[in-house]
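Chemist: Just a sequence and a predicted model for now, questions to come.
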Amino acid sequence: MEPPRPGLRKLPRNPVFWVKEWVRSSPGTHIWLLVIGVTSLVIASASEGLGQFLVHRTSSNIHELNEHPLPSLLISGFWIERPESFLLYVVMFELVHANVERWTGTARWLLIVGGAHIAATLASQELVLLAIEGHRLPRSMTHVVDIGVSYGLAAAAGVLTYRLRAPWRYVYFGGVLVFFGIPLVTGATFTDFGHAIALTMGFAAWPLTPAAAAEKLPQEGARGPETAEPDGRPPAESAPPGGQERPGGQERPGGQEKPGGQERPDAQERPGGQER
């Protein structure tokens, strides 16, 4: 059998193996997607009254945030209002979430997406509350349905900008701004403001990306010699000029050894017969 050529990565012939590797490399995305699939199936199979009760009970609206703040913030990210759109979310999760998680790691991906979901939810509902107090929205909006995964998707879409190389990065960046910006200038809702906040947090997550860490390496290398090794030891000293060794093993001029191993001019013995 011919050995693989250097520089070429052999792709697995079994597509099942490739799918397993893809899922294993982004476990958070696919666990989240699995839970959404289960909750969508529950809503699709429930009666109309039960379905409405579930989406209102799991919403992160003003009423639920006042009654059950932590559960409503967490649970609302695992439900979608229209189960028929589940396949669209599957595509978006694989294109956006899975790539961001593979690139940044599960922990950082979860920090970015979860933080954006919570911040965008609280900020958008605060806007609803201010509009109700200003009599610009009816008081019934305290029970508005506010569930879904779109805030997390918006944040991941912002992070994905740094994964692409120029010039595609700038094309993608412009497309994302247009996609989320048009609703803001054409009759924005509280959800549109939440998307804008989550997208901004995704852009602001640059320091958590591997690209930011890679940029620090050339900067650290340009600072010159360091004062200590990474493990805290002092840096190795350079060899003295003239071909002499370092002080630890340095030979004295004239070929003499250092004092620790130097013989005395007269090989005298001590009175007890021991040499010095």
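Modeler: Arrived safely.
Chemist: where are the low-confidence patches of this structure?
Modeler: 1-13, 217-276 (pLDDT under 70).
Chemist: the helices in the stretch 1-150 of the chain, which residues?
Modeler: If DSSP state H, counting those that start in this stretch is used as the criterion, the helices of the stretch 1-150 of the chain fall at 15-25, 27-45, 48-57, 62-67, 69-75, 86-92, 98-104, 106-133, 150-160.
Chemist: tell me the most buried of these?
Modeler: Each of the helices of the stretch 1-150 of the chain was assessed for mean neighbour count using mean count of other CB atoms under 10 Å. The highest is helix 150-160, with a mean of 26. Glycine gets a C-beta too; all of them are placed from N, C-alpha and C.
Chemist: For that one, which helices and strands make contact with it?
Modeler: The elements that helix 150-160 packs onto, with contact taken as 3 or more CB pairs under 8 Å, 6 or more residues apart in numbering; DSSP states H and E, are helix 98-104, helix 106-133, helix 168-185, helix 190-204.
Chemist: Please tabulate these in JSON lines, including the columns distance to Gly158.
Modeler: Shown next, in JSON lines, are the helices and strands packed on helix 150-160 (distance: least, CB to CB, whole Å):
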{"stretch": "helix 98-104", "distance to Gly158": "9"}
{"stretch": "helix 106-133", "distance to Gly158": "8"}
{"stretch": "helix 168-185", "distance to Gly158": "7"}
{"stretch": "helix 190-204", "distance to Gly158": "2"}
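Chemist: Distance to Ala166 added to the helices of the stretch 1-150 of the chain, as TSV?
Modeler: What follows is those, written out as TSV (distance: least, CB to CB, whole Å):
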stretch	distance to Ala166
helix 15-25	25
helix 27-45	26
helix 48-57	42
helix 62-67	42
helix 69-75	37
helix 86-92	24
helix 98-104	17
helix 106-133	22
helix 150-160	14
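Chemist: Among the ones you listed, which comes closest to Trp206?
Modeler: Using CB to CB as the criterion, the shortest distance between Trp206 and these is 8.2 Å, found for helix 150-160.
Chemist: what does that closest one rub up against?
Modeler: Outside helix 150-160, the residues within contact range by CB atoms under 8 Å, 6 or more residues apart in numbering are 77, 92-93, 96-97, 99-100, 104, 109, 112-117, 120-121, 172, 176, 180, 191, 194-205, 209.
Chemist: now that helix, how far from the centre of its chain.
Modeler: Computed by CA atoms, centre = their mean, to the nearest Å, the separation of helix 150-160 from the middle of its chain amounts to 11 Å.
Chemist: Next: stretch 199-210.
Modeler: Between the mean C-alpha location of stretch 199-210 and the chain-wide mean there is a distance of 8 Å, by CA atoms, centre = their mean.
Chemist: Endpoints of that stretch, how far apart?
Modeler: 19 Å (CA to CA, to the nearest Å).
Chemist: Please report the distance of Phe179 from Arg139.
Modeler: 32 Å (CB to CB, to the nearest Å).
Chemist: Just want to know which of the two has more residues nearby.
Modeler: Under the neighbour definition other CB atoms under 10 Å, Phe179 and Arg139 were set side by side, and Phe179 has more, 13 against 10.
Chemist: residues contacting the more buried one?
Modeler: No contacts exist for Phe179 under CB under 8 Å, 6+ apart.
Chemist: His56 and Pro183, how far apart?
Modeler: When CB to CB is the yardstick, His56 and Pro183 sit 24 Å from each other.
Chemist: Oops, could you answer that again for Glu84 instead?
Modeler: 22 Å.
Chemist: okay, these two: which has more neighbours?
Modeler: Applying other CB under 10 Å to Glu84 and Pro183 shows that Pro183 carries more neighbours, namely 15 against 9.
Chemist: what's the closest non-adjacent residue to the more buried one?
Modeler: Once flanking residues are discounted, Pro183 sits nearest to Asp192: 4.2 Å by CB to CB, 6 or more residues apart in numbering.
Chemist: Thanks again, I'm all set now.
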